[in-house]
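Q: Okay, predicted coordinates and the sequence, questions at the end:
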Amino acid sequence: MGRFLEHGRAYYFRNGGSEEIYLGSADLMRRNLSHRVEIIFPVSNPGLVRRLKDILQVQLADGRKSYHLYSEGYYLRSIQPEAFDSQLHFLTQEREVSNTAKGLSALSHKPRAAER
C-alpha cells in the first residue's frame, strides 16, 4: 500500500506452459465467491495480455512496502524506503505515455460532419 489503495484483480497462470490472464471484479476470497455475485473473465487479446504482463512485472518489482509469503503460511513485511515504488512509477511514467497517446490521438482525429 502506498498513496493509493491497491486491489489488483489480474490473475496470471501458466497452465501447462500456456499463459492465461484473467481479470475480475473481486479477489478470490471465500466471502466474495460464496455470498456475492462476482465475475472473472479471460483476456485473449494479445496486446492486452502483453500490457497486463508489463503492469504485473512493475508491481512485482515494487519493494517499497512489500510482504513476502513463506511456505509455512506466514507473511513477513519488508520495508525498504529506497526500493522501487510502482505507484510512483505509474504516476510519472504512465502519465507521460498517456499524454503522448493523447497527442497522437489528436493528430489522427478525423473531423465529424458536424465539425466541418
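A: Cool, the structure landed. Numbers count the residues shown, from 1 in each chain.
Q: can we go C-alpha only for contacts and neighbour counts from here?
A: Noted.
Q: pLDDT on stretch 51-62, on average?
A: Mean pLDDT, stretch 51-62: 89.
Q: Also stretch 77-95?
A: Here the average pLDDT along stretch 77-95 is 82.
Q: Tell me which residues of it come out buried.
A: 84-87 (16 or more other Cα atoms under 10 Å).
Q: Can you name the residues in contact with it?
A: By Cα atoms under 8 Å, 6 or more residues apart in numbering, the surrounding residues in contact with stretch 77-95 are 2-4, 58-59, 61-68.
Q: Give me the buried subset of the residues you listed.
A: 58-59, 62-64, 66.
Q: Show me those that map onto strands.
A: Secondary structure of the buried ones among the contacts of stretch 77-95 is defined by DSSP state E; positions in strands are residue 66.
Q: Out of the buried ones among the contacts of stretch 77-95, give me the two with the largest separation.
A: Largest separation among the buried ones among the contacts of stretch 77-95 by Cα to Cα: 58 and 66, giving 13.0 Å.
Q: what domains does the record give for the protein?
A: Using automatic domain parsing, the domain parsing of the chain gives 1-60, 62-116.
Q: Residue 88 sits in which helix or strand?
A: Assessed by DSSP states H and E, residue 88 sits inside helix 86-107.
Q: Apologies, that question was intended for residue 48.
A: Here residue 48 is covered by helix 46-60, with elements defined by DSSP H and E.
Q: Give me the buried positions along that helix.
A: Within helix 46-60, the residues scored as buried using 16+ other Cα under 10 Å are 49, 52-53, 56, 58-59.
Q: and which of these is nearest to residue 30?
A: The closest of these, once distances to residue 30 are taken by Cα to Cα, is residue 56, at 23.7 Å.
Q: Contacts only, for the closest one.
A: No contacts exist for residue 56 under Cα under 8 Å, 6+ apart.
Q: From residue 18, how far out is it?
A: Distance, residue 56 to residue 18, by Cα to Cα, to the nearest Å: 17 Å.
Q: again, but for residue 45
A: 15 Å.
Q: Also residue 44?
A: 12 Å.
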